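> Sequence first, predicted model second:
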Amino acid sequence: MVIRQMVVDAVVLEGRSVREVAASFGVSKTFVAKLVKRFREGGAEALEPRSRAHRSDPNKTPADIEDRIVLLRKELLEYGADAGAATVQVHLGRQLGHAPSASTIHRILVRQGFVTPQPKKRPKSSYIRFEADQPNEMWQSDATDWHLTNGRKVEIISFLDDHSRLLLASRAVAVANGPGVIATFVAACERWGTPACVLTDNGAIYNAISRQGRTAFESLLSDLGVAYKHSRPYHPQTQGKIERWHWMLALWLTKHPALSIPELQRRPDEFLGYYNEVRPHRARGRKTPAYAHFLRDKALPGPPIQRPHYRVRRDVVDPGGKVSISHRGRILHINVGYRHRGKRVVLHVIDDHVRVLTEEFVLLGMATLDPTQSYRPMNPPQ
C-alpha cells in the first residue's frame, strides 16, 4: 500500500511523468496510470488491492441445492442408511431430475462439517476383485452377532447374491446353527431360485472340514447340485460383499433397536425393501440390487453332486456298548455291544455306511446311518 501511495504522489503531487515514475519504481506504465486513475476517482481508499476473483461464479452450486444435499444427508443418517456423496447424488437426482457430481457433493459435505477428510487409503488398483457374471451364480453367506436392548446376545444369518448384491434372506436366531442355516437357505431358494454355488467361511454351522466330517448343509447342497466353496481361514476379505451388508445392517439396527428376537427379525425385513429396491449400489452402476438381479438370466444348479465322503475316526466303546458319530449335523449312536465295552475301535465312514473295526483291524460289524434315528444297531460281519 505504501509503494502505491508513493507512485501516485510522484505523479499527482510532484508532476513527474508516468514513464519516469514507472522506470524509477520498476513497474509498468500501465500499472502507474491505473493507480493514478483510481486515486482521482476514489481517493486513497481506491488504492487498496482488489480481488481478481469473479464477482459471481456461474458454476457454483445454488444455495437451495446445497440445503437439499444437507437435508438428504441428515435424513439418510437418521434413517440408518448409507449417506455417502454418491448415494446422496442418486437420491437428489430422483427428486429433481438432475444433481451435482458426487465430488461436488462430497466437497459440500466436507465444507458443512458432515465429512472428515481421511488420509489417502490403499489404491483401489491393489485390490483383487471378483464378481459372479450372473444372478444366482454364487451366493455368499455369513452370520453376525448382535445385542438386544436388554443386553442379550443373538445372531443373524444372511444370504447375499454375489452378482447383484441382492439381499436374499436375513434371519435372526438365538444361536446360529446348522438347522438355522438350512432354514434360511431353503427360504431364500423358495423365493429367488436355487443357486449354482454357495460361498461361506469355515464356521462349524456351514462345514465340518476341521472335524473331518460333513454337515447337513453340505449334504443338502450336494443333493441339490449346488457347488460349495469356502474361504481360507482368517481371510474375511473373500466375503467382502456379505461383510459390507452386515455393516449396513448394523447402521440400521443401531437406529432401530429391538428388545426380542421376533422384533429384531422385523428390522431386517423392513430394511430389505429399501436395500434391494431403493438404495443405489455403487458396484452396480448406481442401480438397485433388485434391478441388477432381474436384468440378466439366472444361473442354475447342476445335477446332484455324487461326491463320496470318506473319514476315519478312532473312538472307545462307552459303558453302554455304544460309539457316537456326527452325521449331517446330528450326533448318532451305534450299538457295538456290551462285550466290547472299553475297547478301542476304528470307524471307517463312507457316506452313510460305517464299518467298525478293532485296532488290529478285525471287522466287528457294519451300520447304516439314518439322520432321522439317533440310535442304530450294528450288523455282524457277513
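Now that the structure is in, tell me what you want to look at. Numbers count the residues shown, from 1 in each chain.
> When you work out contacts or count neighbours from here on, use the C-alpha atoms and nothing else.
Will do.
> In the protein, which residue is most central in space?
Arg244 (1.3 Å; C-alpha atoms, centre = their mean).
> ok, now how distant is it from Arg165?
Relative to Arg165, Arg244 is positioned 10 Å away (C-alpha to C-alpha, to the nearest Å).
> one step back: what strand or helix carries the residue nearest to the centre of the chain?
Assessed by DSSP states H and E, Arg244 sits inside helix 240-255.
> Beyond that helix, next helix or strand please.
Moving toward the C-terminus from helix 240-255, the next helix or strand (DSSP H and E) is helix 261-277.
> what comes up buried for that following helix?
With burial defined by 16 or more other C-alpha atoms under 10 Å, the residues of helix 261-277 counted as buried are 261, 264-265, 267-268, 271-272, 275-276.
> try stretch 70-87
Those would be 70, 72-73, 76-77, 79-87, for stretch 70-87 by 16+ other C-alpha under 10 Å.
> I would like the residues contacting it, please.
Residues outside stretch 70-87 that contact it (C-alpha atoms under 8 Å, 6 or more residues apart in numbering): 88, 91-92, 102-103, 105-106, 109, 112, 248, 251-256, 279-280, 282.
> export the helix-or-strand element of the chain with minimal mean pLDDT as CSV, just CAs?
Between all helices and strands in the chain, the lowest mean by mean pLDDT, DSSP states H and E belongs to helix 2-12, at a mean of 78. Provided in CSV are the C-alpha atoms of helix 2-12 (Å, rounded to 0.1, in the frame of the first residue of the first chain):
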residue,chain,number,x,y,z
VAL,A,2,2.9,2.4,0.8
ILE,A,3,4.5,1.9,-2.6
ARG,A,4,1.2,2.5,-4.3
GLN,A,5,0.8,5.8,-2.5
MET,A,6,4.4,6.8,-3.3
VAL,A,7,3.8,6.1,-7.0
VAL,A,8,0.6,8.2,-7.1
ASP,A,9,2.2,11.1,-5.1
ALA,A,10,5.2,11.1,-7.6
VAL,A,11,2.8,11.7,-10.5
VAL,A,12,0.0,13.8,-8.9
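> what sits against the closest residue to Ala292 other than its chain neighbours?
In space, and not counting its chain neighbours, Ala292 is closest to Ser164: 5.2 Å by C-alpha to C-alpha, 6 or more residues apart in numbering. Counting by C-alpha under 8 Å, 6+ apart, Ser164 touches 135, 284, 289-290, 292-293.
> Apply 10 Å and report the result again.
131-136, 276, 281, 283-284, 287-296 (C-alpha atoms under 10 Å, 6 or more residues apart in numbering).
> Pull out the buried members of those.
Among those, those classed as buried by 16+ other C-alpha under 10 Å are 134-136, 276, 281, 287-293.
> and the helix or strand hosting Arg314, what other elements does it pack with?
In this assignment (DSSP H and E), Arg314 forms part of strand 310-316. With contacts defined as 3 or more C-alpha pairs under 10 Å, 6 or more residues apart in numbering; DSSP states H and E, the packing partners of strand 310-316 are strand 322-327, strand 344-350, strand 353-358.
> strand partners of that strand, parallel vs antiparallel please.
Using DSSP bridges, the strands paired with strand 310-316 are strand 344-350 (antiparallel).
> list the buried ones in the strand it pairs with?
Neighbour count says strand 344-350 has 345-349 buried, by 16+ other C-alpha under 10 Å.
> thinking again about what came up before, any idea which element the residue nearest to Ala292 lies in?
Per DSSP H and E, there is no helix or strand for Ser164.
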